[in-house]
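Asker: Structure for this input, please:
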Amino acid sequence: MEAYKIKGEEDIPTVILDRENNVFEISGRSLPESSVMFFKPILNWLDEYKHNPLPRTEFVFNMSYYNTSTAKQILEILLRLEDIYSTGHDVRVTWIYESGDIDMEDAGVEYARIVNVPIIMTTAEVALQQKKDEQTKGNPKNGIEFQKNETFIVTISRELGAGGRVVGRLLAERLRINYFDYAVIEALTNQYDKDTDIVEKVNKDQKNSWWSGIRDLIKTNIGKKEQSETSVAPLSDKQQEILNRIARNESCIVAGQSAFYIFRDYPNHINIFICASDENRIAKLMTREGISREEAIEIINRVSMERDMYVVENTGMPRHDTRNYDLVINMDNISEEDAVNIIISYIETRKKYFALLVDND
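Answerer: Numbering: from 1, shown residues only. This is a model prediction of the structure:
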């Protein structure tokens, strides 16, 4: 099919949709007078491409800024890529943002929660270096490639304000697997709250793209703040049933909820603990929640006590006992991306010792 290209201008992004050369990229600023009209031929092109996609589609978003109406069109693009991915084709989306551009980084993370297609987050600097490596070595390394018959679980326990939730989400994107924290698990439970046999319902929906149900719940809330980490809510029996069902059917990352204990009998699991100094945690909480130092200290002390009690009551083990974990990372003086690289390096080392869970379907 014929390539579709647009040369970018001040408020119009550069667009390259080139099947022959396997180049799919949208970059720059997007503030067209009518986003619907601007993106209509792009969506039409993808609708045609869906009928005969390449075995592997690598789509790059390298946006510096876009308006709200463009955000909706980007979601439409991702949903079409999801359609391709759901048919068994290999699809990878790379979301590039400038280092320090929190808004653009958060936007990519939100999209990753909405669509069932792998989205890899990376900074412009890292993307440039990877491109150079590809040109010189011909073998870029963007993350771990696990075989489909390898199912594994990464659990992430964390101290409030240490950045564990962000690390978990970034890691999920790099590994191209789903991420579950209490907010997502609760949403999934509410989706099936009226069902009498929750396990049977989830198992049935997994055969028919069950994740789309949660995607629909989330996609209308792009940009809204996630449930605060400053409360401790234990998992109900129903939620634990759902979580166990998910883990038996797909690789995933689970944050909090004493997951290190819940999945202790699973053959392929790695338990991570993310911590940081009190001062760094206080400073991060002050910035994130817009509160005073005294308020931040009070919240950290309260949540830490509640989490300690919750873990002891449900596992009989102290939360800070390092014997519960395979890897403990102190976030002082390192970024979330650094932590992800450390975890991936550790997983690469451990991967050869994993027992293989063969999919007989």
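
Asker: Where does the prediction get shaky in this structure?
Answerer: Where the chain drops to pLDDT under 70, the residues are 130-151, 183-236, 249, 351-361.

Asker: and the gap between residue 31 and residue 297?
Answerer: Distance of residue 31 to residue 297, computed by Cβ to Cβ, to the nearest Å: 43 Å. The way it works is simple: take the backbone N, C-alpha and C, and place the C-beta from them, glycine included.

Asker: Which strand runs longest in the chain?
Answerer: strand 56-66 (DSSP state E).

Asker: Give the pairing partners of that one; include direction for each.
Answerer: Using DSSP bridges, the strands paired with strand 56-66 are strand 23-30 (parallel), strand 90-97 (parallel).

Asker: Restricting the selection to alpha carbons, write that strand to CSV.
Answerer: The C-alpha trace of strand 56-66 is given here as CSV (Å, rounded to 0.1, in the frame of the first residue of the first chain):
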residue,chain,number,x,y,z
ARG,A,56,6.1,-6.9,13.3
THR,A,57,4.9,-3.3,13.5
GLU,A,58,7.0,-0.8,15.4
PHE,A,59,5.1,2.5,15.9
VAL,A,60,6.9,5.5,17.4
PHE,A,61,5.3,8.5,19.1
ASN,A,62,7.8,11.3,19.7
MET,A,63,5.5,14.2,20.7
SER,A,64,6.7,17.4,22.3
TYR,A,65,3.2,18.8,22.8
TYR,A,66,-0.4,18.1,21.8
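
Asker: and it, how far out from the chain's middle?
Answerer: From the chain centre to the centre of strand 56-66 is a distance of 16 Å (Cα atoms, centre = their mean, to the nearest Å).

Asker: Can you give me the buried ones in the following helix or strand past that strand?
Answerer: Next along the chain after strand 56-66, taking DSSP states H and E as the criterion, comes helix 68-86. Buried residues in helix 68-86, counted by 16 or more other Cβ atoms under 10 Å: 70-71, 73-75, 77-85.

Asker: What's opposite residue 27 in the beta bridge?
Answerer: For residue 27, the beta-bridge partners under DSSP bridges are residue 14, residue 62.

Asker: That one: what's it in contact with?
Answerer: With Cβ atoms under 8 Å, 6 or more residues apart in numbering as the criterion, the residues that contact residue 27 are 8, 13-14, 60-64.

Asker: From residue 5, how far out is it?
Answerer: 12 Å.

Asker: same deal with residue 296?
Answerer: 50 Å.

Asker: Pick the most buried one from the strands paired with strand 56-66.
Answerer: A comparison of the strands paired with strand 56-66 by mean neighbour count, using mean count of other Cβ atoms under 10 Å, puts strand 90-97 on top with a mean of 21.

Asker: immediately after that one, which helix or strand?
Answerer: Using DSSP H and E, the helix or strand that directly follows strand 90-97 along the chain is helix 102-114.

Asker: Can you show me the CA trace of that next one as PDB?
Answerer: In PDB, the C-alpha atoms belonging to helix 102-114 read as follows (Å, rounded to 0.1, in the frame of the first residue of the first chain):
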ATOM      1  CA  ILE A 102       6.500  14.800  33.400                       C
ATOM      2  CA  ASP A 103       3.300  15.600  31.600                       C
ATOM      3  CA  MET A 104       4.400  13.800  28.400                       C
ATOM      4  CA  GLU A 105       5.800  10.900  30.400                       C
ATOM      5  CA  ASP A 106       2.500  10.500  32.400                       C
ATOM      6  CA  ALA A 107       0.500  10.600  29.200                       C
ATOM      7  CA  GLY A 108       2.400   7.600  27.800                       C
ATOM      8  CA  VAL A 109       1.900   5.800  31.100                       C
ATOM      9  CA  GLU A 110      -1.800   6.400  31.000                       C
ATOM     10  CA  TYR A 111      -2.100   5.100  27.400                       C
ATOM     11  CA  ALA A 112      -0.200   2.000  28.500                       C
ATOM     12  CA  ARG A 113      -2.800   1.400  31.100                       C
ATOM     13  CA  ILE A 114      -5.700   1.800  28.700                       C
END
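
Asker: No further questions, thank you.
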